[in-house]
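Peer 1: kindly return the folded structure for what I paste below:
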Amino acid sequence: MPTLAERGQIPPGAKVSDHFAFAELTVTEHRDFLDEQADAPPQVRANLVRLAVDVLEPVRSLVGPLRVSSGYRCPGLNRAIGGALKSQHLDGLAADVVPVELDLRDAYLRILQSSVPFDQLILEFGRWLHLSAPYHAHEPRRQALMIWSPGNYEKFSANDPRVRGV
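Peer 2: Model prediction:
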C-alpha cells in the first residue's frame, strides 16, 4: 500500500523543517484554491522542504520567529493575486515572511550580512520580506532588492528614506 507521501497527501500539521509546517507554506485565504494548494505536486513539496531547511530555518536563527504570509502558490492562486508569471512561489521556492521580533529593516540587514544561501531577498512594499531558494543545481544569486510599486524592482539601499521607516 502506498504511503501518504507517495500518494501526494501530507497529513495536517506535518513539518517540513523544525519550525515550519507544510500547511503554513501552502496557506491561502482564497477559499477557491484551498484544495489545489494542499495538493502541491511532488517537486513543489520537495522544494518547500529545501526552502524551509536551507533558507527559512537559517533566517529564523538570525532574526527570530517568522510569520509566513505566502509560500507556495498554485497557478490559479498566483494569477488571482497578480503574481509574477515566473514567480518562484509557483515552484515552492519562495515565501513572504514578516519577522515577529525585529523590524523589517533590521531583519533585512541581518540576512543580507549573513551567509544564508538565499536566491532573492526583497523588501516588498515596506510590509514583508520575500525570501527564495535557488533552483535545483543553481548557485544562489543573493539578489538584494526592494519594491515599492508593482513591477518596479530596485537594488536595495539601506540609506533609502523609504527603508528607514520600516
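Peer 1: quick check: phi and psi at the most centrally placed residue in the chain.
Peer 2: For the chain, the residue sitting closest to the mean C-alpha position, by CA atoms, centre = their mean, is Ala95 at 1.0 Å. The phi and psi values for Ala95, taken as degrees, to the nearest 10, are phi -140, psi 140.
Peer 1: just give the nearest non-adjacent residue to it, would you?
Peer 2: Gly71 (4.4 Å; CB to CB, 6 or more residues apart in numbering). The C-beta positions use only the backbone N, C-alpha and C, and glycine is treated the same way.
Peer 1: would you agree the one you found is in contact with Thr28?
Peer 2: No. Checked against CB atoms under 8 Å, the pair Gly71 and Thr28 is beyond contact range at 9.3 Å.
Peer 1: point out where the chain drops to low pLDDT.
Peer 2: 1-12 (pLDDT under 70).
Peer 1: do you have the helices of the protein handy? List them.
Peer 2: Assigned by DSSP state H, the helices in the chain fall at 34-38, 42-51, 57-63, 75-80, 104-112, 161-164.
Peer 1: buried residues of the last one, list them for me.
Peer 2: So the one you mean is helix 161-164. In terms of neighbour count (16 or more other CB atoms under 10 Å), helix 161-164 has its buried residues at Val163.
Peer 1: which strands and helices lie in contact with that helix?
Peer 2: Applying 3 or more CB pairs under 8 Å, 6 or more residues apart in numbering; DSSP states H and E, we find helix 161-164 packed against helix 104-112.
Peer 1: in the helix it packs on, what's buried?
Peer 2: Leu104, Arg105, Ala107, Tyr108, Leu109, Arg110, Ile111.
Peer 1: closest to Asp54 among those residues?
Peer 2: Ile111 (13.2 Å; CB to CB).
Peer 1: correct me if wrong: the closest one contacts Gln120.
Peer 2: No. Contact between Ile111 and Gln120 fails when scored by CB under 8 Å: they sit 11.1 Å apart.
Peer 1: who touches both of these two?
Peer 2: Leu131 (CB atoms under 8 Å, 6 or more residues apart in numbering).
Peer 1: dump stretch 108-121 to CSV, restricted to CA.
Peer 2: C-alpha atoms of stretch 108-121 as CSV (Å, rounded to 0.1, in the frame of the first residue of the first chain):
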residue,chain,number,x,y,z
TYR,A,108,16.8,42.5,6.1
LEU,A,109,20.3,43.8,7.1
ARG,A,110,21.0,40.7,9.3
ILE,A,111,20.0,38.4,6.5
LEU,A,112,22.0,40.3,3.9
GLN,A,113,25.1,40.3,6.0
SER,A,114,24.8,36.6,6.7
SER,A,115,25.9,33.6,4.7
VAL,A,116,22.3,32.3,4.2
PRO,A,117,22.2,30.9,0.6
PHE,A,118,19.1,32.9,-0.5
ASP,A,119,18.4,33.4,-4.2
GLN,A,120,16.4,36.6,-3.6
LEU,A,121,15.8,38.8,-0.6
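Peer 1: fine by me, thanks again.
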